[in-house]
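In: no sequence on this one, just coordinates:
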Ligand code: GLU
């Protein structure tokens, strides 16, 4: 019988979730939903040294923002809890004992100084079958001495006993079967008495087993741990229900040379974290996709395609579409270049699909933050203004740059445009334009546009000069949406007011500028 799909995202709360971790979470989620399975969020906090306050909350908030739903977890609960490793000490202790009782692990007392000395004495020293016989552990010391040391509270670790001369086969759904020699593995520490906590390796595989995980989908950086995990499953006798491995390709720097790092983000100006992160110790702030104005849908879509494709050229896919198409058959093994410009493109696309009224609501606080009182403007007005510039934006804040003139008359006029477009004859032309617009039956573009066009053509005026001076007066610079759409939205009073203000305020070119 096919096993039910149960996957887990198992971050360690050691800082903000990196964008690569988000992709891992996303692939787990897509795979779970695709197969009607279960998505588990397990917090792997057994390394008390590296615990960072706020990191767990950050993980929860980031996943919620992106719409990566969790079925079983610390907050959701579930039949295999607790889902936080620091609350599972009894379980790990019991499993460490199982391995000790079966002779698959042993207790070691070597102090850091002793280990250091061994490393100094033997080049490439590794704690393994060749060296364990000369170290201070339960294999070399009399049982009574071991017992006495434990009772005296001497710190110890439990090490896994790796059998030499074995071929260890890691079967990965993306990479196929990879065989390695057990001799290259060391006797990894599974448990430390000092903090009564297991290490990542033990906790990770015990939990995957107890939580009935069917697929371990994680970043390629964990591939080197996989052979040990295979041996651990075997030592526990769980090999028949061991999960399938999927090690996802690394995220690479935008130029493809090397692994993506936080520094690349700083250097090239893009976030490598989903949400802004305030480091509790250093106070350092790292930028996040959310705060930079990315829509969660855009981030999800962008990340989904870093290492996977739907088998054709389709790029725009919402979460439901991704779920319907996702599978490991189109995942690549090669590292995925972090082409962050593409994230902007996705954001642009999703903004185009966002309702004008939603964008209008999002624009209000941005304008307020720029010191513009938005209360006089109706939702309808803001929405109409947004509609005229929407196609030019990649971010909501771009709306403020592009549509700001709808809410604030020009305070100054772009110098370069004035020099080019405000010629000695311009004030008189603009006066005339006022008279024409004054007489328009309505301010609908359908009424104003033909009137102005007829005047320009009938008098052999230079279209570019007239329209650009007009634009300069209304917008403050020679760019923006279709002029008559703009004046329709601004209305008669505002349009004429701005034209007159420009005539008054822009110095005629023959006068010296003040
Ligand atoms: N706690 C590990 C991490 O931080 C989990 C790795 C795994 O998925 O096995 O990514």
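Out: Okay, I see it. All figures in this text were calculated on a predicted structure; none of them were measured in a lab.
In: and the residue in the stretch 201-350 of the chain positioned nearest to the ligand, what pLDDT?
Out: Going by CB to the nearest ligand atom, the ligand is nearest to residue 218 of the stretch 201-350 of the chain, at 3.5 Å. Placement of C-beta: from N, CA and C, glycine included. Looking at residue 218, its pLDDT is 98.
In: ok, which stretches of the stretch 201-350 of the chain are helices?
Out: For the stretch 201-350 of the chain, the helices defined by DSSP state H, counting those that start in this stretch cover 226-236, 262-268, 296-304, 319-325, 340-353.
In: Averaged pLDDT, the longest helix that the chain contains. What do you get?
Out: Using DSSP state H to define each element, the chain has its longest helix at helix 19-34. Averaged over helix 19-34, pLDDT sits at 98.
In: before we move on, what about stretch 418-425?
Out: For stretch 418-425, the mean pLDDT works out to 94.
In: For the ligand, what's its nearest residue on the stretch 401-514 of the chain.
Out: For the stretch 401-514 of the chain, CB to the nearest ligand atom, closest residue to the ligand: residue 401, 39.4 Å.
In: In contact with that residue, which residues are there?
Out: Listed by CB atoms under 8 Å, 6 or more residues apart in numbering, residue 401 has no contact partners.
In: what's the offset of the helix or strand that contains it from the middle of its chain?
Out: Per DSSP states H and E, residue 401 falls inside helix 396-403. Computed by CA atoms, centre = their mean, to the nearest Å, the chain-centroid distance of helix 396-403 equals 23 Å.
In: That one versus helix 340-353: what angle between them?
Out: 70 degrees (axes from the mean of the first three to the mean of the last three CA atoms, to 10 degrees).
In: Do you know the pLDDT at the residue positioned nearest the centre of the chain?
Out: Ranked by distance to the mean C-alpha position of the chain (CA atoms, centre = their mean), the top residue is residue 274 at 3.5 Å. pLDDT recorded at residue 274 is 98.
In: which residues does it contact?
Out: Each residue near residue 274 by CB under 8 Å, 6+ apart is listed here: 17, 19, 22, 62, 65, 66, 288, 289, 290, 299.
In: So the residue of the stretch 401-514 of the chain closest to the ligand versus residue 81, what's the distance?
Out: 49 Å (CB to CB, to the nearest Å).
In: Same question for residue 359.
Out: 42 Å.
In: Looking at those two, which one has more neighbours?
Out: It is residue 359, of residue 359 and residue 81, that has more neighbours when counted by other CB atoms under 10 Å, with 22 against 15.
In: The more buried one against residue 385, yeah?
Out: No. Using CB atoms under 8 Å, residue 359 makes no contact with residue 385, being 10.0 Å away.
In: Quick check: the gap between residue 125 and residue 254.
Out: 39 Å.
In: oh, I was asking about residue 395
Out: Distance of residue 395 to residue 254, computed by CB to CB: 19 Å.
In: With residue 415 instead?
Out: Counting by CB to CB - residue 415 and residue 254 are separated by 36 Å.
In: Neighbour count: these two, which is higher?
Out: Taking other CB under 10 Å, residue 415 and residue 254 do not tie; residue 254 has more neighbours (17 against 10).
In: relative orientation of the helix or strand that residue 95 is a member of and helix 226-236 in degrees?
Out: If you go by DSSP H and E, residue 95 is part of helix 89-101. Interaxial angle of helix 89-101 relative to helix 226-236 (the same axes, to 10 degrees): 80 degrees.
In: Toward the C-terminus, what is the element adjacent to helix 89-101?
Out: Counting by DSSP H and E, the next helix or strand C-terminal to helix 89-101 is strand 105-108.
In: How about residues contacting the helix or strand that that next one is followed by?
Out: Once the chain leaves strand 105-108, the next helix or strand it forms, by DSSP H and E, is helix 112-121. Helix 112-121 is touched from outside by 110, 125, 127, 131, 135, 136, with contacts defined as CB under 8 Å, 6+ apart.
In: State the distance from the nearest residue to the fourth one once chain neighbours are set aside to residue 160.
Out: Same thing as residue 131. When the adjacent residues along the chain are set aside, residue 131 lies closest to residue 125, with 6.6 Å between them (CB to CB, 6 or more residues apart in numbering). Taking CB to CB as the measure, residue 125 and residue 160 are separated by 17 Å.
In: More neighbours: the two, which one.
Out: Set residue 125 next to residue 160 and count neighbours by other CB under 10 Å: residue 160 wins out with 23 against 16.
In: so who does the more buried one touch?
Out: Residue 160 makes contacts with 99, 104, 105, 187, 188, 190, 201, 228, 231, 232, 235, as judged by CB under 8 Å, 6+ apart.
In: Quickly list what it is bridged to.
Out: Beta bridges link residue 160 to residue 105, judged by DSSP bridges.
In: which SS class is the closest residue to residue 345 other than its chain neighbours?
Out: Of all residues not flanking residue 345 in the chain, residue 394 sits nearest, at 8.0 Å (CB to CB, 6+ apart). Counting by DSSP: H, G, I helix; E, B strand; the rest coil, the backbone at residue 394 sits in coil.
In: show me where pLDDT drops low in this protein?
Out: Residues of the chain meeting the criterion pLDDT under 70: 1, 510-514.
In: picking up where we left off before, need the contact list for the residue of the stretch 201-350 of the chain closest to the ligand.
Out: By CB under 8 Å, 6+ apart, the residues touching residue 218 are 10, 24, 246, 247, 248.
In: run the last query once more with 6 Å
Out: By CB atoms under 6 Å, 6 or more residues apart in numbering, the contact set of residue 218 is residue 24.
In: How about the residues of the stretch 101-250 of the chain by the ligand?
Out: Residues of the stretch 101-250 of the chain lying near the ligand by CB under 6 Å from any ligand atom: 200, 204, 218, 222.
In: Spatially, which two of those residues are the most separated?
Out: 200 and 218 (11.7 Å; CB to CB).
In: where do the helices sit along the stretch 401-514 of the chain?
Out: Using DSSP H, counting those that start in this stretch, the helices of the stretch 401-514 of the chain run over residues 415-421, 426-438, 445-458, 463-475, 483-490, 492-505.
In: so which of these gets nearest residue 74?
Out: Counting by CB to CB, residue 74 lies closest to helix 483-490 out of the helices of the stretch 401-514 of the chain; the figure is 50.1 Å.
In: coming back round to it: could you identify the most distant pair in the contacts of helix 112-121?
Out: Pairwise over the contacts of helix 112-121, using CB to CB, the maximum falls at 125 and 136, 14.6 Å.
In: Leaving out sequence neighbours, find the closest residue to residue 445.
Out: residue 484 (3.8 Å).
In: Please apply the same query to residue 306.
Out: residue 336 (4.1 Å).
In: Verify the contact between that neighbour and residue 249 for me.
Out: Yes. At 5.4 Å, residue 336 counts as touching residue 249 under the criterion of CB atoms under 6 Å.
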